[in-house]
Structure formats: structure tokens, C-alpha cells
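Engineer: Got a sequence here, can you build the structure:
(chains A and B)
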2 protein chains.
Amino acid sequence: MKHYATQMEAARKGIVTEAIEKVAEKELMRVDELMPLVASGKVVICANKNHKVINPEGIGSMLKTKINVNLGISKDCKDYDVELEKVMEAVKMGAHAIMDLSSHGNTIPFRRKLTAECPAMIGTVPVYDSVIHYQRDLSTLTAKDFIDVVRLHAEDGVDFVTLHCGITRKTIDQIRKHKRKTNIVSRGGSLVFAWMCMTGEENPFYEYYDDILEICREYDVTISLGDACRPGCLADASDVCQIEELVRLGELTKRAWERDVQVMVEGPGHMPLDQIAANMKIQETLCGGAPFYVLGPLVTDIAPGYDHITGAIGGAIAASAGAAFLCYVTPAEHLALPNVNDVKQGIIASKIAAHAADIAKGVRGARAIDDRMAEARRNLDWEGQWSCAIDPETAKAIRADRMPEHEDTCSMCGKFCAVRSMNKALANEHIDIL
Amino acid sequence: MKHYATQMEAARKGIVTEAIEKVAEKELMRVDELMPLVASGKVVICANKNHKVINPEGIGSMLKTKINVNLGISKDCKDYDVELEKVMEAVKMGAHAIMDLSSHGNTIPFRRKLTAECPAMIGTVPVYDSVIHYQRDLSTLTAKDFIDVVRLHAEDGVDFVTLHCGITRKTIDQIRKHKRKTNIVSRGGSLVFAWMCMTGEENPFYEYYDDILEICREYDVTISLGDACRPGCLADASDVCQIEELVRLGELTKRAWERDVQVMVEGPGHMPLDQIAANMKIQETLCGGAPFYVLGPLVTDIAPGYDHITGAIGGAIAASAGAAFLCYVTPAEHLALPNVNDVKQGIIASKIAAHAADIAKGVRGARAIDDRMAEARRNLDWEGQWSCAIDPETAKAIRADRMPEHEDTCSMCGKFCAVRSMNKALANEHIDIL
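Structural biologist: Numbers count the residues shown, from 1 in each chain, chains lettered A, B, ... in the order given. Here you go, the predicted structure:
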């Protein structure tokens, strides 16, 4: 019997858990390099004791950047098996975490199915599920109701929970006074805010934070401190509301660490490109290096239909500047529930952003596959290129759709192919272009 | 009769041309702010005297970032009218420049059609066209043949020509010695390199640079100094070959400016994200602030099929760090000739990158449309959102495909819509979620 509550406590006590061993191996690190990062909170390993099938991953700025995919049961998609298939497909495509944002019916069976069958980290937003779970009007829910849902999710094996602990009654005045262009755009945050407005009470996730810590400690649930005030447009970025909440999240991070509870901090949001690196740095100082989990950032507001691209730009910059975990954004963001193709496009864009960032920040081994791709390109080795491609099927289909005249080129340049010309020139061969 | 050869000479002589006036108006600048930038070479206005229908644009790091689209007649698309339709569609979608990379048949009629009918800046790559123009084996062409094609393009009204003047016979040894993973991937650059290898002669675009300057001065053709050694993979980025060529391009820039010839400098290519800003800075110092025209940069090598995204990430960072002109990259890059949809995807990704960069570097008026979008979102004003969207048709189609239950929300969040909850909370209304 190993005497520890959480991975953080284990690391602090010098106990090498199976999860720590596995994560170290995946990250090409020695266990003794990883242990102090887990002990200090700079790396989290989200692995609920009741999530038996988990294939553990570490999240931290010096590890490979991880990506999250949001899925769940909705009125439009009520079939548990179909949704689980989507989950498994997302994991196959490279998602490290699945957030279950189910918004319809009895949410328990699907959540339990997830933790029973899915090897990726599972996250939830308990405040969001509370309304669904009790099927009662938001204003009638009590603080205890919310905390009970956190406990239910913990028992169900959820690895991390987004909790909007950082807004308080003071935030109500702040939001009213500062007249942000888009107020609060966090769904969970808006529910907490609305509940406070309707009941006149303090944020239960703030008021009963110690109770939450006990639950999280017991099951080793990582708290993902939600950013209710994340900017919903460029104009609101890095404003008083956002930064004051971040200050609160930093305080709450330290309180969690005192109980050996693992913590991530959530971040923007919509943000001009030139503010991203500064935000990553401020989060690091305020939150003591706790892993930063960002949604986007989206570097412009005007690209509905293409927010996987605006998010990939922001995400790549954020992760290269210290963010550890990217929530995917799909082309349907701001418009509709994503369909299967949107999910795929969102995952690939996030993977590109994460990988580009890993190369930039020198994550071990990250660039090896790019170097293999470069060799394959120089050798006009198409099979080699497919084996390195982030989505070989799509790449193959584009080439197959417009087959070249000459097998050793592609239809883009034909005999003008620079690779072909150079290979011949360097071999002192004659170059035929026409 | 105004006595000036080029826009640069006019600006230096204090002559306010019609083009300078129009560009100042578009950039929300006063003429007296723009004039010194054109005079010093920090802004170019690519406008051949024979391109009568041009709607002039300025290119420079403090102006709105411009984007270029490559099109042209090929074996697969020989119909001039169809290709011109694509050109006009690209301009409608936001392309500021069209590079005619025609690679088939008689290239003269299409080029002349372009400069007679298209209001966007027209660019070409004369070395590339030389092989087609003469329909002779590359090794049989003479230095004079190449220069004659430059003159032909100038007479035809081309606004800027990519010339790979920066590689010399020394480059042959350098490429052989440094064993880059992908040698030279610039098509034009590889042709110049191959020609030098086969003939044993010096690069004609370097050797006869003064003759080229006379031609460009006469017609006011802007030289786009090609980067033959732009990295074709992350591993080759910022290496000796690339940077030494950039040093040459800086020298050639100054020689052009002595003759009042306008110059842009072309840049990477494939490049790790963390090297981009440094490259922009070094180009600025070496080339005295001449506008930087980049292809990408692509921040990873492993995403064929998605290089419009890898290019948007790199392009946004490059432009925010000083690049002035982005060459679009389509999803078909590295694989095939882009089809109509690829062209569209490439243009939109480039526009997103350019716009995000303009906001980041504080280009005048750039963020106004984002602020309007934010207001429309807060008001759940869907018509307002479409009017600000970069591609309203695509955004509308996504929403229409999955219509919401409630008109005032979207199917993504339904009644969980944070905007709706907040609007009600701030109006002290009851919030119904179920």
C-alpha cells in the first residue's frame, strides 16, 4: 500500500507512481527529472483513482503540448454509442483529453461509460452539469447541490473538473462598471454569475473551496480553475476583469497545492497576437508555474467559420510562450455544434499548433519527424512523406486527385520541381524542363 | 509633364503622384507621412507605367499587410478566360497582387490580358518564363536571353518581378558543402542554380544587375529580390546559405535605391516559430527596411494538406514582426496544383494572418471591424455578425446547417449561451436554462 492521496503528494514524498513512470517515458525524461515538476505543481498528471483504463499523460509547459476535445450528449446527438465512437475517433486522431460537455438527459451513464472505456483524460464542468443533473431551475439550486455534483463527478472517475472559483460578488460590480464589449462568454462562468445575481449569494465554488479540495484530494481530481472572465473579443483582452480573476486563480492555486491537489489554470480566449506572450508570462508569475490551459487564443474576432485557424495561430504562440494545454477550436465555433468533420478539422489545427510550439520551445524529440519529412521530400519519396504526415489520407487524396505527368514530381510544379532540378544539378546531370 | 522615372524618385523629388495620393488615402495616412516612406524605400508602390488599370497599393511594414495569390496558365488549365476569371475572383476575395506563374504555351497573351484588365498588382518570375518563352533547353539560354525576358515583362506592364540575383557561383560550393536537407526549393532559384551548373557561367541576374536596374527604372518595375536559398524545411532555416544570400540581397537593395528603383526582399520558407521574429529583424537591418515578402513561413514540415494553416501561423507572426507582404499558401502546397477551393482556402487563411498581424502591430483602423463584430455578438445580432465576417457565406452555411431551437442562440450552446445568460443577468431578468 502506497501512502499518498494524489500524484502531487506521491512526488512530494518521493514515491514513484506507475503514472509518473509512464509519463516520464512518454516525454523522454528521466523519472528524477519529472518528479520535482509534479511535486512543485509545474506538471499535472490528471488521473482519477477511479479512471482505471487511463493512459496517463503529463501536462506542463516543458512537456509536449497536449490537446483537449469537447464532446458530449446533446439534444441533437442523444445516442451514447455514437458519441462514444466520436470520442474514440478523436483519441485516435490525437486528442489527449476529452471534456464531456453533455447538455441533455441523464448525464451519468455516458460519463461512466467514458471513464470505463476511454484511455484519454476526462474532464467535465460540474456547474454546467448541475442544471441538467437536477433538472431544476438554476435559481433554485443551492451551494450544496453544486458541491454534490463535484463529488459525483469525482466518484465517477473524472480526471479534471473546470470550476469557476475565481469570480466573486465583487465581479458583478466590476462587470457592470467596466462595460466590457462581451461581458462574460464562458458558459460555466455565466451560469455562476447568473446564479449569484439571482440568489444574492457568494460563488459556492469560491466559498466552499476547502470542501472541494477535500473531494479532489480524495479521488485525485485535478482542478482546472476556470476563467469566467476570459475575453470574448479583442477589445476585452487583458482588461481588469480578466487579470483580477487571474490574481484570484493564483491564490487558489496555492491553496490547492497546500492540500497536494493538482491544479491547471484556464486562460484566453480572444486576444490580439501581441498580448499573448505577456499573458503567458503573467500567468506564470501569478500562478507559480501551474500549467496553463488555453482556449485559442483567437487572434481576430472576424473569422467565424475559420476559428480553427485563428485558434491555431494563437495556440501556437501561446504554447511556445508557455501554455501547456490547448482546447481545440472547430470551424463551427460561434456558430453551431460541431459535426464530425468540424471535430476533425479542429483536432488537426490544434495538433499543428501544439507541434509547432513544441519545436519552438525545444521539447525533446519534437522535431525528429519534421527532419524525416524533409529527407523524404528531398528524395521525392512519397511513401516516406505520407508516413510523416499529420493526416496522410487527406494529403494522399489531394495528390491522387491531380496526378502528375511524371511520377517523380507533383502536379504543382511538374518538371519545374525544384527538388528534381537540384538533385540532377548536384549529380551533374542534364536538366530537362520542357 | 512630371519629371520622374519611378514612384521612389517622385517621392524623393517631392512630387505627389496619383498613386501616392491613393495609397495614402487607403492607409488612412497623410500624404506627407507616406512620402518619406516611399522615398526611403520602406514602402513600395508596385505600379508599372504600362499597367493602366491598376488600383495602386503600398507595401511596407507600417501599412496594412498585403497578400499575393499565385495563378497562371498550365497544362491543366490552358483556357485564358477561365484563368482570368479565377484571377478576378481572387481579387474579389481580397488578393492585392497576382503572380502569374504560367508554365505552358505562349505566355504573352495571358500576361497582357492581366495587365490590361486586372486592377491588382501583377508579378512574374522571368527566369521561370524564359524556358517557356523560348521553348529551348535551359542550358542553351544565354544571359541576354534572360534579360530580354525581363524587358519583355516590363514592357507588358508587370508591376514586380522576382529575380534571384542573390546567388552566385560561390553558392554552388556552399550548397554542396553544407549539405542542407532540402538544398534549394525555390523553383526560380533552382533554375538559376541548374543553369550555372550546366553552363559554368555566373548568375546573369547578378552579373547584369545594372542592366536590369535600367529596365526597371524605365517602366517603374519593382524588383522582388528572390530568395533562392529560402529554407525548404525546418532543419535548413536560418542557416549560412539563407543568411549569406540575405546579405547579398541587402547590398543589391542599396544598389537599386541608388537608381531610384523600388525593391522588395523575399523571405522564408519553412522555419521554426521561434526563429521568425529574429529573421524579420535581421532582414530589416541588412536590407535597410525594404519591405519583406514572405512565403509562409511554414512552422512545421509535417502538415501537407494543411499548409494554409502552418503558413497562417508563420505569416501572422512574421507580419506582426515586420513582414509587409504575404504570399498565400494553399492546402495543396507540396502536393498538387491548387484547385478553386484550395485558392479560396489559401486566400482566407492569408487574410486572417494579415489581419491578425495588422491588429498586433497597430495598423490604423485595423481593429475597428473586430470591435463591430464584438458588439454584434453581444447583441446576438446575426446580420451584424455576417456583415463583419471574413467569409459570411461559409459562416451562414454552418449556422443554417444546424439551426437552433431558439432564434436568439446558436445550436452550439443553445440556452446555455453565455451571451444570452449575461444579457439577462445584467438586465436583472430571470434566466431559464432548461
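
Engineer: CA only for contacts and neighbour counts going forward, please
Structural biologist: OK.

Engineer: which helix is the longest one in chain A?
Structural biologist: Ranked by residue count under DSSP state H, the longest helix found in chain A is helix A:340-360.

Engineer: Show me what that helix is packed against.
Structural biologist: If you count contacts as 3 or more Cα pairs under 8 Å, 6 or more residues apart in numbering or on different chains; DSSP states H and E, helix A:340-360 packs onto strand A:66-71, helix A:80-93, helix A:307-320, strand A:325-327, helix B:273-286, helix B:307-320.

Engineer: Recalculate using a threshold of 6 Å.
Structural biologist: For helix A:340-360, the packing partners by 3 or more Cα pairs under 6 Å, 6 or more residues apart in numbering or on different chains; DSSP states H and E come out as helix A:307-320.

Engineer: now the helix it packs on against helix A:340-360, angle please.
Structural biologist: Taking axes from the mean of the first three to the mean of the last three Cα atoms, to 10 degrees, helix A:307-320 and helix A:340-360 form an angle of 20 degrees between their directions.

Engineer: how is chain A carved up into domains?
Structural biologist: Split into domains by automatic domain parsing, chain A comes to A:49-361, A:368-426.

Engineer: Give me the distance from the first one to the chain's centre.
Structural biologist: To tie it back to what came earlier, the one meant is domain A:49-361. Computed by Cα atoms, centre = their mean, to the nearest Å, the chain-centroid distance of domain A:49-361 equals 8 Å.

Engineer: What mean pLDDT does it get?
Structural biologist: If you average the pLDDT over domain A:49-361, you get 96.

Engineer: likewise the last one?
Structural biologist: The average pLDDT within domain A:368-426 is 90.

Engineer: End to end on that domain, go ahead and measure it.
Structural biologist: 25 Å (Cα to Cα, to the nearest Å).

Engineer: cool, and the longest one?
Structural biologist: Domain A:49-361 has an end-to-end distance of 32 Å (criterion: Cα to Cα).

Engineer: What's the local residue count around A:Asp227?
Structural biologist: 30 (other Cα atoms under 10 Å in any protein chain shown).

Engineer: does it count as helix, strand or coil?
Structural biologist: Three-state assignment for A:Asp227 (DSSP: H, G, I helix; E, B strand; the rest coil): coil.

Engineer: Spit out the contact partners of it.
Structural biologist: Contact partners of A:Asp227, counting by Cα atoms under 6 Å, 6 or more residues apart in numbering or on different chains, are A:Glu266.

Engineer: Same check on the one 10 residues further on?
Structural biologist: Applying Cα under 6 Å, 6+ apart to A:Ala237 gives the contacts A:Pro231, A:Met271.

Engineer: Distance check, it against chain B.
Structural biologist: A:Ala237 sits 12 Å away from chain B, going by Cα to the nearest Cα, to the nearest Å.

Engineer: buried stuff in the longest helix of chain A?
Structural biologist: Neighbour counts using 16 or more other Cα atoms under 10 Å in any protein chain shown place A:342-360 of helix A:340-360 among the buried residues.

Engineer: Return the most buried member of the domains of chain A.
Structural biologist: Of all the domains of chain A, domain A:49-361 carries the top mean neighbour count, a mean of 22, counting by mean count of other Cα atoms under 10 Å in any protein chain shown.

Engineer: Chain B contacts on chain A?
Structural biologist: A:182, A:185, A:187, A:190, A:194, A:233, A:272-274, A:299-305, A:313, A:335-337, A:356, A:360, A:370, A:374, A:378, A:389-390, A:395, A:399, A:410-412, A:418, A:425 (Cα under 6 Å from any Cα of the partner chain).

Engineer: Identify the residues contacting the residue nearest to A:Ala47 when sequence neighbours are not counted.
Structural biologist: Nearest residue to A:Ala47 in three dimensions, chain neighbours excluded: A:Asp159, at 5.0 Å (Cα to Cα, 6 or more residues apart in numbering or on different chains). By Cα under 6 Å, 6+ apart, the contact list for A:Asp159 reads A:Cys46, A:Ala47, A:Asn48, A:Met121, A:Ile122, A:Gly123, A:Val221.

Engineer: From those residues, pick the one nearest A:Glu383.
Structural biologist: A:Met121 (33.0 Å; Cα to Cα).

Engineer: my read: the closest one touches A:Met99, true?
Structural biologist: No: with contact defined as Cα atoms under 6 Å, A:Met121 does not reach A:Met99; the gap is 8.3 Å.

Engineer: roughly how far apart are the closest residue in space to A:Cys287 that isn't next to it in sequence and A:Leu34?
Structural biologist: The shortest distance from A:Cys287 to any non-neighbouring residue, by Cα to Cα, 6+ apart, is to A:Gly250 (4.1 Å). Per Cα to Cα, A:Gly250 is found 23 Å from A:Leu34.
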